[in-house]
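Engineer: pasting the sequence and the predicted model now:
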There are 2 protein chains.
Amino acid sequence: MLKRPTSADVAAAAGVSRTTVSFVLNEREGVKIPDETRQRVLAAAAKLDYHPNSVARQLAGGASRALGLVLRQTPEQVANDGVLAETLRGLADAARAANHRVLVETLAPGEGLYSNLLRSGRTDGLIVSGPRYDDVELVQLVRDGFPVVIQGSQPGLDCPSVDVDNEAGARMAVEHLLALGHRRIACITNAPLAYTAASERLTGYREALAAAGLPDDPDLIAEGAFDASSGHRAMAEILARTTPDALFVASDVVAIGAMAGLREAGFSVPGDVSVVSFDAIPLAAYLDPPLTTIRLPAYDLGLAAGRAILERIAGRPVAARTLLPTELIVRASTVPHHGAVRRPV
Amino acid sequence: MLKRPTSADVAAAAGVSRTTVSFVLNEREGVKIPDETRQRVLAAAAKLDYHPNSVARQLAGGASRALGLVLRQTPEQVANDGVLAETLRGLADAARAANHRVLVETLAPGEGLYSNLLRSGRTDGLIVSGPRYDDVELVQLVRDGFPVVIQGSQPGLDCPSVDVDNEAGARMAVEHLLALGHRRIACITNAPLAYTAASERLTGYREALAAAGLPDDPDLIAEGAFDASSGHRAMAEILARTTPDALFVASDVVAIGAMAGLREAGFSVPGDVSVVSFDAIPLAAYLDPPLTTIRLPAYDLGLAAGRAILERIAGRPVAARTLLPTELIVRASTVPHHGAVRRPV
DNA sequence: ACGCGTTACTGACGCGCGTTACTTTCGTGG
DNA sequence: CCACGAAAGTAACGCGCGTCAGTAACGCGT
């Protein structure tokens, strides 16, 4: 592979100085370049197939024009995350609009040193997805004043965060079940409660019940953990204790496992148990039955996170917390309650 | 935010030259540094919280130590790709093992200029996922000798590619149905046939039928297109023409739509129609019925692609084509054929 | 003829680091 | 006592570019 042309080569070919080449190619304002010269430079650059070395440009300019996305999740979480690709797309679009790139680092909890991405100047800012409370590196990074945006939430950390409104979404889901006349409404979380999204969604569930004057019955609650099998297990736990007439599962993927559990126990959905879940993965519309679910605007989430970190990098103030609205999508997995709770066949 | 310390600062603090600092921190071989000096340098670096500026290092070293992943897919494809996250994880792990990073560029077909990633020296090599035949930039890039690896396949392009063995996988799926006694086996593709993965899987289907002495009946074949709704539509097309007793769908996601179509038409799976699909997304095990499917080793695919591009960057020869093996996972959606084809209720 | 402003450019430095070639010091065998 | 080599370390250049201060040429009014 032949050596790449440099701006000096272009300068020589155009018969001008390197400085002039830089001025022309960067369309620098405040500098007058006659059209004749400009054309000569552009022609030379085109003829040589010149592409400015962006690494050198970064060094000279002091910014890397790259955003780091740190996935602080276990491999299982990543594999089961139905909306990660969409979020990434939103982030990439936000970055591209500002002439930045996205650098991805997948790093399971416990693994360290992702902060090198920032401290080494490889990225101008970091978006951290799904951090845990015990993320010491992150705390230090924020304390040192580096541009960081959390995707999700991390109470107690003085750092802007972008998230979907989990609480309102969950409340909306449960209110839908209440409006249909259901009263014994179970809840399976999307993850262990150490995850803020999980505890927020559980809070939304409880708020809706409380607002309807219903008691908070721990028998109706079980913990899921990202994948379908956890939903299956959680469902079995609940059914061993009691029989709900409706179910809120805080994740479509977990809901699929939960519904499998219901089927095995002889319950039909929505005949015996209405089910509403959360996320609105594309598949949800094609399950049997099609899932009523809360739409999580994944693309917008990535876009908002990208815009937030770009603002922070630019030194502009950013809202401490951005909450994206959710939306209820009613499908066939929820139906009105009909009198007594049905018994399994 | 205070200025980051440079190697000169460390040198001053340790009372040595910048060169020595570089030697110590990079553990350069062939250079003897007494332990006392080494410790002094390391201590100074630690005290100043020094992190080498990787951009400067890239400039000096001539390599960016970054791999570019270009997603040449439509937003719909990305959203419905159940294994993209896994592939990305494999790629990121491969990169990390070689001290590289992954830079992601999502670029729908038709949009241009992703080649800047490479030509500007921002990345050392590119992995292009799902390119189309008319990708002029890609052809030019390969012709110019830049390190590129295709994830998928692109016949006619002189460039290493890494893919799953689609043909063998599809053959395995159909052979499984044949072994169960099925004879009227329909096929719904995962994508339009312009996509090589789709046409390869269709070829595998045809080969299996031919090997069993069965005719190639076009009535039994329909085209899917990435998402569940396309599977639903394709299923309707087939059912309008004929009634199969088994079905091979070249994608789990599309299969979910197809099964919804079967249900609507009054057929049960696997009672009336056995279904086997492709990809083995995590959810497949929890559907109703759990799907028999061909496992696509997504993580390994990313890992292999990463290793291949790293080899190419290192200047070592790379196999023109790497095919990863698939695996049949038998679940409840396939059962033995029982005499006559059942009619819908 | 002279001063002054404008136009059209350029020289040279700095970004932070890797690296080569060189210097200085010291121990040692002859 | 001297030559020589190893040990320990350094000065200086280059990577490719952005950018500021500066300069040469020229027009113009007086």
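Structural biologist: Perfect, I can see it now. Numbers count the residues shown, from 1 in each chain, chains lettered A, B, ... in the order given.
Engineer: for DNA strand D, what's its nearest residue on the stretch 201-345 of chain A.
Structural biologist: residue A:314 (15.0 Å; CB to the nearest atom of the strand). C-beta here means a position set from N, CA and C on the backbone, and glycine is covered the same way.
Engineer: and that residue, how close does it get to residue A:63?
Structural biologist: Distance, residue A:314 to residue A:63, by CB to CB, to the nearest Å: 10 Å.
Engineer: more neighbours, those two?
Structural biologist: Between residue A:314 and residue A:63, counted using other CB atoms under 10 Å in any protein chain shown, residue A:63 has the larger neighbour count: 16 against 12.
Engineer: not counting residues beside it along the chain, what's closest to the more buried one?
Structural biologist: residue A:124 (5.4 Å; CB to CB, 6 or more residues apart in numbering or on different chains).
Engineer: contact residues of the stretch 101-250 of chain A facing chain B?
Structural biologist: By the criterion of CB under 8 Å from any CB of the partner chain, the positions of the stretch 101-250 of chain A lying close to chain B are A:101-106, A:116-117, A:119-122, A:144-146, A:227-229, A:231-232.
Engineer: hmm, try it at 10 Å
Structural biologist: With the criterion set to CB under 10 Å from any CB of the partner chain, the stretch 101-250 of chain A comes near chain B through A:101-108, A:111, A:115-123, A:140, A:144-147, A:226-229, A:231-232.
Engineer: narrow the residues you listed to just the buried residues.
Structural biologist: Among those, those classed as buried by 16 or more other CB atoms under 10 Å in any protein chain shown are A:101-107, A:115-123, A:146-147, A:226-229, A:231-232.
Engineer: what touches both of residue A:314 and residue A:63?
Structural biologist: Counting by CB atoms under 10 Å, 6 or more residues apart in numbering or on different chains, the residues touching both residue A:314 and residue A:63 are A:124-125.
Engineer: the closest residue to DNA strand C within the stretch 151-300 of chain A: how many residues sit nearby?
Structural biologist: When scored by CB to the nearest atom of the strand, the stretch 151-300 of chain A has residue A:159 as its residue closest to DNA strand C, at 24.7 Å. The local packing of residue A:159 (other CB under 10 Å) involves 21 other residues.
Engineer: quick one: it is in a helix?
Structural biologist: No: secondary structure of residue A:159 (DSSP: H, G, I helix; E, B strand; the rest coil): coil, not part of a helix.
Engineer: in strands only, show me the buried ones among the residues of the stretch 101-250 of chain A next to chain B.
Structural biologist: A:101-106 (DSSP state E).
Engineer: from the residues you listed, which is closest to residue A:211?
Structural biologist: residue A:106 (40.0 Å; CB to CB).
Engineer: dump the residue contacts of that closest one.
Structural biologist: Here residue A:106 is in contact with A:69-75, A:78, A:114, A:129, B:85, B:88-93, B:95-96, B:102 (criterion: CB under 10 Å, 6+ apart).
Engineer: residue boundaries of the helices in chain A?
Structural biologist: A:7-14, A:18-25, A:35-48, A:54-61, A:75-80, A:84-97, A:116-119, A:136-143, A:166-179, A:196-211, A:228-241, A:252-264, A:298-313 (DSSP state H).
Engineer: from the contact counts, what lies against the third one?
Structural biologist: Helix A:35-48 is packed against helix A:7-14, helix A:18-25, with contacts defined by 3 or more CB pairs under 10 Å, 6 or more residues apart in numbering or on different chains; DSSP states H and E.
Engineer: not counting its own residues, what contacts the last one?
Structural biologist: Right, the one you point to is helix A:18-25. A:6-14, A:16-17, A:28-33, A:37-42, A:44-45, A:50, A:52, A:57, A:60.
Engineer: if we can go back for a sec, wait, the residue of the stretch 201-345 of chain A closest to DNA strand D sits on residue A:100?
Structural biologist: No: contact criterion CB atoms under 10 Å: residue A:314 and residue A:100 do not qualify, at 11.1 Å.
Engineer: shared neighbours, those two?
Structural biologist: A:124-125.
Engineer: closest point of the stretch 101-250 of chain A to DNA strand C, which residue?
Structural biologist: For the stretch 101-250 of chain A, CB to the nearest atom of the strand, closest residue to DNA strand C: residue A:121, 7.4 Å.
Engineer: grab the nearest non-local neighbour of that residue.
Structural biologist: In space, and not counting its chain neighbours, residue A:121 is closest to residue B:53: 4.7 Å by CB to CB, 6+ apart.
Engineer: now the one you found, what are its backbone angles?
Structural biologist: phi -70, psi 110 (degrees, to the nearest 10).
Engineer: per-residue confidence at it?
Structural biologist: pLDDT for residue B:53: 96.
Engineer: equivalent analysis for the one 3 residues further on, please.
Structural biologist: pLDDT recorded at residue B:56 is 96.
Engineer: that one contacts residue B:8, doesn't it?
Structural biologist: No: taking contacts as CB under 10 Å, residue B:56 lies outside contact range of residue B:8: 11.6 Å.
Engineer: what does chain A put close to DNA strand C?
Structural biologist: A:15-20, A:23, A:31-34, A:37, A:56, A:59-60, A:62 (CB under 7 Å from any atom of the strand).
Engineer: mind running it again at 6 Å?
Structural biologist: By CB under 6 Å from any atom of the strand, the residues of chain A that approach DNA strand C are A:16-20, A:32-34, A:37, A:59-60.
Engineer: only whichever of those residues are buried, select them in ChimeraX.
Structural biologist: In ChimeraX syntax, the buried subset of those is picked out as below (16+ other CB under 10 Å):
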select /A:16,20,37,59
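Engineer: now flag whichever of the residues of chain A next to DNA strand C is closest to residue A:155.
Structural biologist: residue A:59 (38.3 Å).
Engineer: list the contacts of that closest one.
Structural biologist: Taking CB under 10 Å, 6+ apart, one finds A:53, A:121, B:53, B:55-60 in contact with residue A:59.
Engineer: pLDDT score for it?
Structural biologist: 95.
Engineer: listing request: residues of chain A with sub-threshold pLDDT.
Structural biologist: Along chain A, the parts satisfying pLDDT under 70 run over A:1-2, A:339-345.
Engineer: what's the neighbour count on the nearest residue in space to residue A:126 that is not next to it in sequence?
Structural biologist: Nearest residue to residue A:126, sequence neighbours excluded (CB to CB, 6+ apart): residue A:68, at 4.5 Å. Around residue A:68 there are 25 other residues, counting by other CB under 10 Å.
Engineer: go on, residue A:236?
Structural biologist: 16.
Engineer: isn't it up against residue A:261?
Structural biologist: Yes: with contact defined as CB under 10 Å, residue A:236 and residue A:261 form a contacting pair (5.5 Å).
Engineer: which of residue B:56 and residue B:8 has more residues huddled nearby?
Structural biologist: Set residue B:56 next to residue B:8 and count neighbours by other CB under 10 Å: residue B:56 wins out with 17 against 11.
Engineer: how about the contacts made by that one?
Structural biologist: Here residue B:56 is in contact with A:55-56, A:58-59, A:120-121, B:6-7 (CB under 10 Å, 6+ apart).
Engineer: again, only this time at 8 Å
Structural biologist: By CB atoms under 8 Å, 6 or more residues apart in numbering or on different chains, the contact list for residue B:56 reads A:59, A:121.
Engineer: now tabulate the helices of chain A in TSV and tack on distance to residue A:329.
Structural biologist: Listed next are these as TSV, based on distance: least, CB to CB, whole Å:
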stretch	distance to residue A:329
helix A:7-14	54
helix A:18-25	49
helix A:35-48	51
helix A:54-61	43
helix A:75-80	20
helix A:84-97	16
helix A:116-119	37
helix A:136-143	34
helix A:166-179	10
helix A:196-211	16
helix A:228-241	19
helix A:252-264	11
helix A:298-313	14
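Engineer: please identify the most buried of these.
Structural biologist: helix A:252-264 (a mean of 26; mean count of other CB atoms under 10 Å in any protein chain shown).
Engineer: any bit of that one sitting next to chain B?
Structural biologist: Yes: applying CB under 8 Å from any CB, one finds helix A:252-264 touching chain B at A:253, A:256-257, A:259-260, A:263.
Engineer: then stretch A:82-98?
Structural biologist: Yes: under the criterion of CB under 8 Å from any CB, stretch A:82-98 makes contact with chain B via A:82, A:84-86, A:88-89, A:92-93, A:96.
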